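[1] quick one: sequence plus predicted model below, questions after.
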2 protein chains.
Amino acid sequence: MSATLESLIEALRCLPGVGPKSAQRMAYHLLQHDRAGAARLGFALDSAISRIQHCERCNTYTETPICERCQSDRRDSSVLCVVESPVDLNMVEQTQAFNGLYFVLMGRISPLDGLGPRNLRLDQLVARASDGIVKEVILATNFTNEGEATAHFVCELLKRQGLKVSRIARGVPVGGELEFVDSGTLAQALRERRRLES
Amino acid sequence: MSATLESLIEALRCLPGVGPKSAQRMAYHLLQHDRAGAARLGFALDSAISRIQHCERCNTYTETPICERCQSDRRDSSVLCVVESPVDLNMVEQTQAFNGLYFVLMGRISPLDGLGPRNLRLDQLVARASDGIVKEVILATNFTNEGEATAHFVCELLKRQGLKVSRIARGVPVGGELEFVDSGTLAQALRERRRLES
Ligand SMILES: [Zn+2]
Ligand SMILES: [Zn+2]
């Protein structure tokens, strides 16, 4: 096999869920049937790496220092929804049941994976939530063990700042991940959020 | 979502088996955890498109006009093995039960998909097999309906040229594809190939 082809197959394995067999199939598919698609993908990867950064206010991906949503004056800046990832942020947006702003943790507390509170941008979250405008923080981390542990830790942290903290309702199935929940269930969970008492 | 990120997600969908959900997951994974991998993949795609071509003799992918295997003097050039794809060629090579040369059809006859004999490089195959050196052509197309139809058509074509044509044995499960068969079974199928009588 040519060295260039081997490199392509190896490089495709950086994609999550792609093992040696599917990497090989992908490489041959692109070469045989979709060289234009391969060229577009190469360009898209280069553009993404050079242009996409984290929003200074909410951490999500953006091409400007502060994302459009954080700059918008049509969002309710008194409510801040905390999610684990940009995918989860998109899921909440799709419910159209929330008009506040977000903070993306870019991770979760997961002792088994060696991820503690230090791996999340919690100082940034405390500063963001303490701007004097935010009145309520809604925790919308997953209902997995890790997501619950994260919510618990973040809740304690924010309550110490005197903030009102709530958790989306357990309409999301226990053990479930936001990413795989239908929009209606997630909208329900947002509406039924409950304030966390210490 | 940023336009660059949307383009990346869209571009990832050129990969076989990648729908909108997994494209999104892949894009976020690369941005968050593996920007180096994304850069390597972008480079590998560009290199592959610009460097990889078809071997003039056997059709497989190569970076030189004629591939190393076709140029080698350690292969038995009197036996030609016909396969549907470069993946199948690799599968046969892995058995180490074959030391001849190959011809890759880069497809199969599949009337349901609108693919007839004209979509295969059959003129090139006839010319290749009629070089006066090739004494036997082994048909190693899949044992799917399409692979069998292809073998039948190619067999008739080559017999008309007075060539000896054989088919790998049905050790490959009926309906099965070479790509998913273990090496031992495929080696057996090569050894038990039978001559096709007209
Ligand atoms: Zn933002
Ligand atoms: Zn060759």
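    Sure thing, it's come through. Ligands and ions are numbered 1, 2, ... in the order given.
[2] now do the biggest helix by length in chain A against helix B:35-51, angle only.
    Criterion DSSP state H: the longest helix present in chain A is helix A:35-51. Computed by axes from the mean of the first three to the mean of the last three C-alpha atoms, to 10 degrees, the angle separating helix A:35-51 from helix B:35-51 equals 150 degrees.
[3] output the longest strand along chain A as CSV, restricted to C-alpha atoms.
    Determined from DSSP state E, the single longest strand within chain A is strand A:76-83. This file holds the C-alpha atoms of strand A:76-83, laid out as CSV (Å, rounded to 0.1, in the frame of the first residue of the first chain):
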residue,chain,number,x,y,z
ASP,A,76,-32.3,37.4,28.9
SER,A,77,-29.0,38.0,30.5
SER,A,78,-30.3,37.4,34.0
VAL,A,79,-30.5,33.6,33.5
LEU,A,80,-27.4,31.5,32.8
CYS,A,81,-27.6,27.9,31.7
VAL,A,82,-24.6,25.8,32.5
VAL,A,83,-24.0,22.8,30.1
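[4] in that strand, what's buried?
    Going by neighbour count (16 or more other C-beta atoms under 10 Å in any protein chain shown), the buried part of strand A:76-83 is A:79-83. Just so you know, the C-beta spots here come from the backbone N, C-alpha and C atoms, and that holds for glycine as well.
[5] quick one: the strands in chain A?
    A:53-54, A:61-62, A:76-83, A:100-104, A:136-139, A:164-167, A:194-195.
[6] nearest to B:Glu192, out of those?
    Nearest to B:Glu192, of all these, is strand A:61-62, at 56.5 Å by C-beta to C-beta.
[7] please see if the closest one touches ligand 1.
    No. Contact between strand A:61-62 and ligand 1 is absent, the nearest approach being 6.2 Å (criterion: C-beta under 5 Å from the ion).
[8] likewise stretch A:96-110?
    No. Using C-beta under 5 Å from the ion, stretch A:96-110 stays clear of ligand 1, with a minimum separation of 6.9 Å.
[9] quick one: that stretch to chain centroid distance?
    Relative to its parent chain, stretch A:96-110 has a centroid offset of 7 Å by C-alpha atoms, centre = their mean, to the nearest Å.
[10] what about that stretch, how long is it end to end?
    Length of stretch A:96-110, first residue to last, C-alpha to C-alpha, to the nearest Å: 30 Å.
[11] tell me which residues in that stretch are buried?
    Quick answer for stretch A:96-110 (16+ other C-beta under 10 Å): A:98, A:100-110.
[12] stretch A:182-198 too?
    For stretch A:182-198, burial by neighbour count (16+ other C-beta under 10 Å) applies to A:185-190, A:193, A:196.
[13] quick one: mean pLDDT for that stretch?
    Average pLDDT, stretch A:182-198: 70.
[14] so is that stretch next to chain B?
    No. Shown here: stretch A:182-198 not in contact with chain B (C-beta under 8 Å from any C-beta of the partner chain), separated by at least 13.1 Å.
[15] okay, that stretch in PDB with CA atoms only?
    What follows is stretch A:182-198, C-alpha atoms only, in PDB (Å, rounded to 0.1, in the frame of the first residue of the first chain):
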ATOM      1  CA  ASP A 182     -36.000  14.400  22.200                       C
ATOM      2  CA  SER A 183     -36.700  18.100  22.200                       C
ATOM      3  CA  GLY A 184     -40.000  17.800  24.000                       C
ATOM      4  CA  THR A 185     -38.600  16.000  27.000                       C
ATOM      5  CA  LEU A 186     -35.800  18.500  27.300                       C
ATOM      6  CA  ALA A 187     -38.200  21.400  27.100                       C
ATOM      7  CA  GLN A 188     -40.300  19.800  29.900                       C
ATOM      8  CA  ALA A 189     -37.100  19.400  31.900                       C
ATOM      9  CA  LEU A 190     -36.300  23.100  31.500                       C
ATOM     10  CA  ARG A 191     -39.800  24.200  32.600                       C
ATOM     11  CA  GLU A 192     -39.800  21.900  35.600                       C
ATOM     12  CA  ARG A 193     -36.400  22.900  36.800                       C
ATOM     13  CA  ARG A 194     -36.200  23.100  40.600                       C
ATOM     14  CA  ARG A 195     -34.300  25.400  42.900                       C
ATOM     15  CA  LEU A 196     -31.500  23.600  44.700                       C
ATOM     16  CA  GLU A 197     -31.600  24.100  48.500                       C
ATOM     17  CA  SER A 198     -28.400  23.700  50.500                       C
END
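[16] how about the buried residues of stretch A:96-110, which pair is most distant?
    Most distant of these, by C-beta to C-beta, are A:Gly100 and A:Ser110, 26.5 Å apart.
[17] excluding chain neighbours, what is closest to A:Pro65?
    Excluding its sequence neighbours, the residue lying closest to A:Pro65 (C-beta to C-beta, 6 or more residues apart in numbering or on different chains) is A:Glu56, at 5.4 Å.
[18] isn't the one you found up against A:Thr64?
    No. Contact criterion C-beta atoms under 8 Å: A:Glu56 and A:Thr64 do not qualify, at 9.5 Å.
[19] returning to what we had before: the longest strand of chain A packs against which elements?
    Applying 3 or more C-beta pairs under 8 Å, 6 or more residues apart in numbering or on different chains; DSSP states H and E, one finds that strand A:76-83 makes contact with helix A:86-95, strand A:100-104, helix A:122-129, strand A:136-139.
[20] that one vs helix A:86-95, what angle?
    Angle, strand A:76-83 to helix A:86-95, by the same axes, to 10 degrees: 130 degrees.
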